[in-house]
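>>> sequence first, predicted coordinates after that:
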4 protein chains.
Amino acid sequence: MLQTIKKIGVLTSGGDAPGMNAAIRSVVRTCAFHDIKCYGIYRGYEGMIEGDFVEMDARSVKGIINKGGTMLKSARSTKFRTKEGRIKAHEQLLKAGIDAFVVIGGDGSFTGAMIFNQEFNFPVMGIPGTIDNDIYGTSHTLGYDTALNTVVDAIDKIRDTASSHNRLFFVEVMGRDVGHIALNVGIAGGAEEILIPEEDLGLDRLVESLRRSKKSGKSSSIVVVAEGDKIGKSVFELKDYVDQNMEDYDVRVSVLGHMQRGGSPSCFDRVLASRMGVKAIESLITGKSNYMVGIKNDVMELTPFDQAVKGKSKINMELLRVSDIMTI
Amino acid sequence: MLQTIKKIGVLTSGGDAPGMNAAIRSVVRTCAFHDIKCYGIYRGYEGMIEGDFVEMDARSVKGIINKGGTMLKSARSTKFRTKEGRIKAHEQLLKAGIDAFVVIGGDGSFTGAMIFNQEFNFPVMGIPGTIDNDIYGTSHTLGYDTALNTVVDAIDKIRDTASSHNRLFFVEVMGRDVGHIALNVGIAGGAEEILIPEEDLGLDRLVESLRRSKKSGKSSSIVVVAEGDKIGKSVFELKDYVDQNMEDYDVRVSVLGHMQRGGSPSCFDRVLASRMGVKAIESLITGKSNYMVGIKNDVMELTPFDQAVKGKSKINMELLRVSDIMTI
Amino acid sequence: MLQTIKKIGVLTSGGDAPGMNAAIRSVVRTCAFHDIKCYGIYRGYEGMIEGDFVEMDARSVKGIINKGGTMLKSARSTKFRTKEGRIKAHEQLLKAGIDAFVVIGGDGSFTGAMIFNQEFNFPVMGIPGTIDNDIYGTSHTLGYDTALNTVVDAIDKIRDTASSHNRLFFVEVMGRDVGHIALNVGIAGGAEEILIPEEDLGLDRLVESLRRSKKSGKSSSIVVVAEGDKIGKSVFELKDYVDQNMEDYDVRVSVLGHMQRGGSPSCFDRVLASRMGVKAIESLITGKSNYMVGIKNDVMELTPFDQAVKGKSKINMELLRVSDIMTI
Amino acid sequence: MLQTIKKIGVLTSGGDAPGMNAAIRSVVRTCAFHDIKCYGIYRGYEGMIEGDFVEMDARSVKGIINKGGTMLKSARSTKFRTKEGRIKAHEQLLKAGIDAFVVIGGDGSFTGAMIFNQEFNFPVMGIPGTIDNDIYGTSHTLGYDTALNTVVDAIDKIRDTASSHNRLFFVEVMGRDVGHIALNVGIAGGAEEILIPEEDLGLDRLVESLRRSKKSGKSSSIVVVAEGDKIGKSVFELKDYVDQNMEDYDVRVSVLGHMQRGGSPSCFDRVLASRMGVKAIESLITGKSNYMVGIKNDVMELTPFDQAVKGKSKINMELLRVSDIMTI
């Protein structure tokens, strides 16, 4: 028999991403729409363990759809990785009468939710929020589209100064395990080369490629480097290598850093967040649990947590080829 | 036997859209990559009839990927709608030795290309460029994503002043036949109501909905209206109606206008344009003709022109429901 | 003997402007710095009459420096224009123990404050907040710099589409009495003509100028029109006149509207707001009253209200000449 | 007797800055307005020595007013620092019939121009273009206002993620010798501390200040650090020091880098550039030489090169006090 859900908690966990606030808003308002009470859980699983809850209604989330970051704050919790911590969290939820929760975060957060569900048979649902777009079961994670635009805007600015001075820039962007951001902003920013975790271009081929590009009359160059690129060198080591192996190049480095995580979410991320919040709550209402909400081919779909955390989002190899052709 | 293509023309036609320059760049560079000569055709079919062509190489399209508008300029050609005009255009292409052309535009432009292909058996390929996203055979047209962000940014600004003064704003956005822009920016901008061509909300229900929203404690409201909304009233008539039927509401109107067509393309539109240009040229090379390039589920696909121009891109009804829930 | 000020109220009045929140924040924090209690007064003089006050401390204004609009909301109050209304307001202030207030607004708001001061000998101080920059005694009003950038960004977008289609655009910008916005954005946006309240170009000279510009090879044109331009025609009438008197011109109109009032304040406006808040509170503390805070040559200066409201901010005639030279 | 000037050269030199293109446009069009021929000199003094000149007319500078960087490119020339190099440059100018030149750059570029003027009695005029605003004789250099907005936008984004995670961020901004950028963006970005070259806060006081800010309930902090801050430690060393001396703080570093130099110029910078170009050319026409054009209290003024390069632009100490009050 289906247990009626009366109170749902919502938390953001792991690294923050633009669109998290829009997702919180959607979760809260969908609860209100279905006459379910909703509680905000502060600072991720850390706040769950401490019972840091606050009741939220439709007006609590007013004016946040266009704000970056997360009003519920986020954290990485080491305590929640212990059985002891999770027992404490469970007690806090029971004490507050919370029947289910929605966690907005990445695969680490989903693993925690999955274990919690197994241990206490507690209804949980996940919404993928991370700028890296590295989660299996959804074509887009919240914040990814916004981050792409933030990074492209920064590269456009760097291009202004690069081409004024005939310089070569190594621009490091986020993406530890997958090269989605690097690959897309590389194409959109007109980069000469793109170094991603999925492919080892090799230092020699990089230098060769830069030489060819110089010969073909290009006076400035931008090389986009994902944090976790295969070459395994920091952007500063790359600069040194090129400095030593290429003449007549004024080489500079720019590490875009945490700026990439912030900013007002794009239209796409706001709509996606709104849809995911509705789907998460309505799935819990119909008795579903232990799933991540995702978008595939513009349709909301559920993926079991174990698949979502085991799987890996793959880059589109067509884009590598497009990038090669564009840099002719 | 496959006729080898040696010279390809490229033109932009109809209303301009962000990403058209990125698509021109991609067409030109893909031609260069395959050792095909490429000619820019100015001012759409008008320039084709006048033989206003210029040869372009990889360097001709330098620095345009992030520029709005179209460097080849665009126009609506009445002459090309006549047999006479098309014969003239055909002569000009032959004279320049052009074997095939790629037209970047909307369904009017594709209809022209299709007829031209039928009359002269001339290889043509289309790339959908219009902010309205109203073309069958592709989930996204070039410029649509950029326009969404431009409009949402404007609505955010209007929201600032609306909520400072407890005002109601009718914001008119583009979209004559389909409500894609209105529906998405309405959700992303937190609009209380969204009036689209696909659905007739009715004036009475609009007023009722605004009354309900006021009662629930909202002090300001934004109603997004697509140009071609079903109610069939201009935003100014809507304002008058609400002025007469609701007390205590300070009602204002904002028509966003042509600003929506401009601006630097988003990352998504730049990547999409790059992919579409590659696909268009490589399809022509392999002997295909009379197709529009589109994107479906992140894969490049071809749709025959006759289907593309007959079909109609549909709005996602799930979004209407999400919008209703969000405005609780 | 100097009466010690212990409680200060702050309100925003008239049209909202970017930077008002930053000014509220500065007023509140400067009060906290000097151990003075601070009260927010909601909805301008309307809320003063109704006693709609809330105590604010340094944390109340957290995270608002970069937000458009005004968290205290604004309104135009007809009641405050009556003696009766002002008596009521005075009673409310006394009841709450408020010793002085700072009003952030335009000259209408300052006139109200000046009369109030005369009637009740109540300490008041003004901070100029309006995008129009039409106030005497300060080179910049709050929100003006932000609005300039918002409008220029919109004109850049319109230029994209104008030059893609060889069109002429009339762009109406705010500025009922003075042409500051029109003049500056006209130069910055590369406009062919600028119509301002201070100068009557005349319709014939406008058409002549557009003809000359066309002859000199310009394919698109933008004419910036201030709301209160001297010709006294709406942009739509201007369009009609040009339609009838010039061939070969595709004329369009764009009215930028309320979007111009919103958005995150520029760096300049945030710093200016912070400085003005400090100056306003510290002036009240030292016994000054009935002044508007202004900036002149990068120094904070006080102007008596009666001068501020009688005087008129003048446009810089040098700019008209620069504009003429730039459109050669 | 006044020698008539018939051909003027224009170059950009040193680090590029937003607004340089707008200044080139203004120089070129003011020349056209006065029937003087204008030549673009590529890559600063380097191109002058190589005779890399191109004639420019009013149409050559179309569409560049809103572009970052410099279309004439820039460089630092070691050759021009030698007598030999300057003799070569002089010969090239004579050969091309150029009577005078305008250099857009910083104090290094002006020193070069001044020496050149002394050696060859050659008419020269300077326009201050650098984001650092470190030049005596003008309240604003070209690019400074734009850079302020670029940096504030980045800090707003970093704030989103900082406050979601209760983190402390050290944000390094440009400004080797003067703290203008750091001081203004620090106030505008709501920074807890601002480290500038003009003032040595001291590491102990920094830590103390951060402790106080934490105690007062602030959960996240941003410290803005100018490149050339007095403490003389890199941001990474600052991070280490705080890591070792403060518990419970998750400290991160963000070096904004070259992004700060790029981007479309603000309205202010475009108007300033337009005015400066007019002033530079019309000053040369009236026989003036060896001056830098500047803006003081919204009026164009000339400062002799020797004063401009010897003097030093000072920060406004009032701002330091405002910053202190704001961080209460």
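Noted; the coordinates are in hand.
>>> state the number of residues packed around residue A:326.
If you count neighbours by other C-beta atoms under 10 Å in any protein chain shown, residue A:326 ends up with 26. Any C-beta I mention is one placed from the backbone N, CA and C, and that applies to glycine too.
>>> same question, residue A:64
17.
>>> next one: the one 4 residues further on
Residues near residue A:68, counting by other C-beta under 10 Å, number 26.
>>> show me the contacts for it.
A:16, A:18, A:21, A:146, A:261-265, D:157, D:160-161 (C-beta atoms under 8 Å, 6 or more residues apart in numbering or on different chains).
>>> which of the helices or strands spans the closest residue to it other than its chain neighbours?
Sequence neighbours aside, residue D:160 is the residue nearest to residue A:68 in space, at 3.5 Å (criterion: C-beta to C-beta, 6 or more residues apart in numbering or on different chains). Under the criterion of DSSP states H and E, residue D:160 resides in helix D:144-165.
>>> next SSE downstream of that helix?
The C-terminal neighbour of helix D:144-165 among helices and strands, as given by DSSP H and E, is strand D:167-173.
>>> just checking, what packs against that following strand?
helix D:144-165, helix D:180-188, strand D:221-226, helix D:235-245, strand D:250-255 (3 or more C-beta pairs under 8 Å, 6 or more residues apart in numbering or on different chains; DSSP states H and E).
>>> before we move on, the earlier item: can you pick the most crowded of the contacts of residue A:68?
Ranked by neighbour count (other C-beta under 10 Å), those have residue A:18 at the top, with 34 neighbours.
>>> doesn't residue A:267 make contact with that residue?
No - under the criterion of C-beta atoms under 8 Å, residue A:18 makes no contact with residue A:267, lying 11.6 Å away.
>>> picking that back up, most neighbours per residue, which of the helices and strands packed on strand D:167-173?
The highest average neighbour count among the helices and strands packed on strand D:167-173, using mean count of other C-beta atoms under 10 Å in any protein chain shown, belongs to helix D:180-188 at a mean of 29.
>>> what's the burial count for residue A:119?
Around residue A:119 there are 12 residues (other C-beta under 10 Å).
>>> for it, helix, strand, or coil?
Secondary structure assignment for residue A:119 (DSSP: H, G, I helix; E, B strand; the rest coil): helix.
>>> residues contacting it?
Residue A:119 neighbours (C-beta under 8 Å, 6+ apart): A:83, A:86, A:90.
>>> per-residue confidence at the first one?
Okay, so that is residue A:83. Note for residue A:83: predicted pLDDT of 97.
>>> for it, which non-adjacent residue is spatially closest?
residue A:119 (7.7 Å).
>>> ditto for the second one
Beyond its immediate neighbours in the sequence, the residue positioned closest to residue A:86 (C-beta to C-beta, 6+ apart) is residue A:116, lying 5.6 Å away.
>>> pull the number of nearby residues for the one you found.
There are 22 residues near residue A:116, going by other C-beta under 10 Å.
>>> wait, what's in contact with it?
Contacts of residue A:116 (C-beta under 8 Å, 6+ apart): A:86, A:89-90, A:122, A:124.
>>> and residue A:186, how far from chain B?
Using C-beta to the nearest C-beta, to the nearest Å, residue A:186 is found at 9 Å from chain B.
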